[in-house]
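*Asks:* I'll drop the sequence and a predicted model, then ask my questions.
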Amino acid sequence: MTNSNSDAPKLGEFELIARLFAPLAAHIPGALGLTDDAGLIVPSPGHDLVVTVDALVEGVHFLAADPPGDIARKSLRVNLSDLAAKGARPRAYLLALSLAPWVNDAWLAAFADGFAQDQARYGIGLLGGDTTATPGPLTLSITALGEVESGRMIRRAGAQAGDRVFVSGTVGDSGAGLAILKGEGTALEETTRAALVARYRLPEPRLALGAALAGLATAALDVSDGLIADLGHLAKASGVRIVVDAPLIPLSPGTRALWGEGREAVIRAAIAGDDYEIAFTAPASRESAIREAARASGVPVHAIGRAETGAGVVLRDENGQDIPLSRTGFTHF
Ligand SMILES: [Mg+2]
């Protein structure tokens, strides 16, 4: 990492970091071996750089007892999910770490290995970073850099009245996985339980689908706070009202096994967060192109509603009645 570590008490740890993290930058020429004050990145001709950052805090986003490789991979993947929702292809990332006193060499090695695995999976590398020590909780911040053809980043603003609303994959699996970790679903088959917990621990950023949606979707975001809450963000940015038909929200067989077939299961799924699916809007005339993008990327896409004139987001039942929601999704404050 670059070297503002003068406040660090454990020099051995920082030598170890240099040994663990420099290899993650080896294939990124602009990282300059993590020995300079800054890294360098040149976008491909005719492309814009797309930049996103997420901070994760021990006790809020992960626990000290979680597998360190999973912490690394999830923190990287939630950033890649933001790039996916913007139609961008990932290029590189930067990592800022504030190490808690309990961190040891074995933890750091497993943490770095998590990044190595996902770098290989997604074809990216470490462009730069910074490390400090803190007496408080472990904190990490990842900045991901991607690129998209100039002018084609899919924004939250852009949905038009009359557009259809779509979501990729299935909704609620991550929330179901978290519920299982908290003690629900003890009677479920172990494979079902494990699959749902995996969706919580390691989201899969929809990068191929997102890239294919650039030029098709009028607005998009990734579902992190919860489907309804996030569609509310999109509605606000676009200046439209979004109507979601509850029966059309796609739930996996595993989530249905846990939460049942009824309306309550759909509501729970629609307000659970951490799905990291892409919710987006597009005119009905592009629906066949969207189906083709879904097929080519191997990720199903479901039409779940429509944008109208007005504001806000509403969930409708099978009879067209509004379903009142006491909360729409996760919020930090
Ligand atoms: Mg997002």
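*Replies:* That came in fine, so what should we check first?
*Asks:* work out for me the element the residue nearest to the spatial centre of the chain sits within.
*Replies:* Of all residues in the chain, the one closest to the mean position by Cα atoms, centre = their mean is residue 78, 3.1 Å from it. Of the helices and strands defined by DSSP states H and E, residue 78 is found in helix 68-85.
*Asks:* that helix - contacts with which helices or strands?
*Replies:* Judged by 3 or more Cβ pairs under 8 Å, 6 or more residues apart in numbering; DSSP states H and E, the packing partners of helix 68-85 are strand 47-57, strand 89-99, helix 105-122, strand 139-149, helix 207-213, strand 219-222, strand 278-282. To be clear about C-beta, it is placed using only N, CA and C from the backbone, and glycine gets the same treatment.
*Asks:* in the stretch 201-333 of the chain, what residue is nearest the ion?
*Replies:* Among residues of the stretch 201-333 of the chain, the one nearest the ion by Cβ to the ion turns out to be residue 222. It sits 4.3 Å away.
*Asks:* need the residues of the stretch 51-200 of the chain near the ion, please.
*Replies:* Residues of the stretch 51-200 of the chain lying close to the ion by Cβ under 5 Å from the ion are residue 82.
*Asks:* picking that back up, can the helices and strands packed on helix 68-85 go into JSON lines with extra columns for distance to residue 33 and mean neighbour count?
*Replies:* Output for the helices and strands packed on helix 68-85, formatted as JSON lines (distance: least, Cβ to Cβ, whole Å; neighbours: other Cβ atoms under 10 Å):
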{"stretch": "strand 47-57", "distance to residue 33": "22", "mean neighbour count": "17"}
{"stretch": "strand 89-99", "distance to residue 33": "14", "mean neighbour count": "22"}
{"stretch": "helix 105-122", "distance to residue 33": "16", "mean neighbour count": "17"}
{"stretch": "strand 139-149", "distance to residue 33": "18", "mean neighbour count": "22"}
{"stretch": "helix 207-213", "distance to residue 33": "27", "mean neighbour count": "24"}
{"stretch": "strand 219-222", "distance to residue 33": "32", "mean neighbour count": "25"}
{"stretch": "strand 278-282", "distance to residue 33": "35", "mean neighbour count": "28"}
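*Asks:* mean pLDDT and distance to residue 18 added to the ones you listed, as TSV?
*Replies:* Converted to TSV, those look like this (pLDDT from 0 to 100; distance: least, Cβ to Cβ, whole Å):
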stretch	mean pLDDT	distance to residue 18
strand 47-57	96	22
strand 89-99	95	13
helix 105-122	95	11
strand 139-149	97	17
helix 207-213	98	30
strand 219-222	98	33
strand 278-282	98	37
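*Asks:* circling back: ok, the residue of the stretch 201-333 of the chain closest to the ion to residue 203 distance?
*Replies:* Using Cβ to Cβ, to the nearest Å, residue 222 is found at 9 Å from residue 203.
*Asks:* what's the answer for residue 90, then?
*Replies:* In this view, residue 90 and residue 203 are 14 Å apart by Cβ to Cβ.
*Asks:* do residue 130 as well
*Replies:* Per Cβ to Cβ, residue 130 is found 25 Å from residue 203.
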